[in-house]
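> coordinates only, sequence not included:
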């Protein structure tokens, strides 16, 4: 996340530093001695070329700055969208967890009720068996 915050700042510094310097001319202007002609006032043309180049660089820099600002806004919006999506997923998982817990409680209660019913049936069967055994013992002893 820190890199995303530093990127626009570093890009701005780099482009600002580059805007202040101009590249050397592609070729050196011919001198009066080498061309055999009178020197022409090229200083004014060079100054205009430098001014145009700086203007173009400043325009490019402004374009890059605007693109970086737009990108930062889009990154922020994307983060918010991802957060919202994750919150929806979390809410769905919490709802599913609550449903499963409710099913578990219901199943446990059902099993407990069924177990209690079985325990009572077994207890009744044991008591009935004891009663039958007592009756048989009484018949044998008579």
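Sure, I can see it. This is a predicted model, so every value here is computed, not measured.
> C-terminal to the lowest-mean-pLDDT helix or strand in the chain, what's the next element?
The weakest-scoring helix or strand in the chain, judged by mean pLDDT, DSSP states H and E, is helix 32-35 (a mean of 45). Using DSSP states H and E, the helix or strand that follows helix 32-35 in sequence is helix 43-141.
> packing partners of that following helix?
helix 2-19 (3 or more Cβ pairs under 8 Å, 6 or more residues apart in numbering; DSSP states H and E). Heads up, the C-betas are built off the backbone N, CA and C, glycines and all.
> what average pLDDT does the helix it packs on get?
Mean pLDDT, helix 2-19: 60.
> offset the numbering so it begins at 44, please.
Renumbered: residue one is now 44, and that last one reads helix 45-62.
> can you count the residues close to residue 184?
6 (other Cβ atoms under 10 Å).
> swap in residue 102?
Counted by other Cβ under 10 Å, the residues lying close to residue 102 total 10.
> and residue 96, by the same measure?
When neighbours are counted by other Cβ under 10 Å, residue 96 comes out with 13.
> distance of it relative to residue 90?
11 Å (Cβ to Cβ, to the nearest Å).
> again, but for residue 181
In terms of Cβ to Cβ, residue 181 sits 133 Å off from residue 90.
> tell me how far residue 179 lies from residue 172.
Distance from residue 179 to residue 172, counting by Cβ to Cβ: 10 Å.
> residue 162 too?
From residue 162 to residue 172 the distance is 15 Å (Cβ to Cβ).
> just residue 112 next, same as before
88 Å.
> cool, residue 127 as well?
On the measure of Cβ to Cβ, residue 127 and residue 172 end up 66 Å apart.
> now swap in residue 91 and tell me
118 Å.
> likewise residue 164?
From residue 164 to residue 172 the distance is 12 Å (Cβ to Cβ).
> sweet, I'm off.
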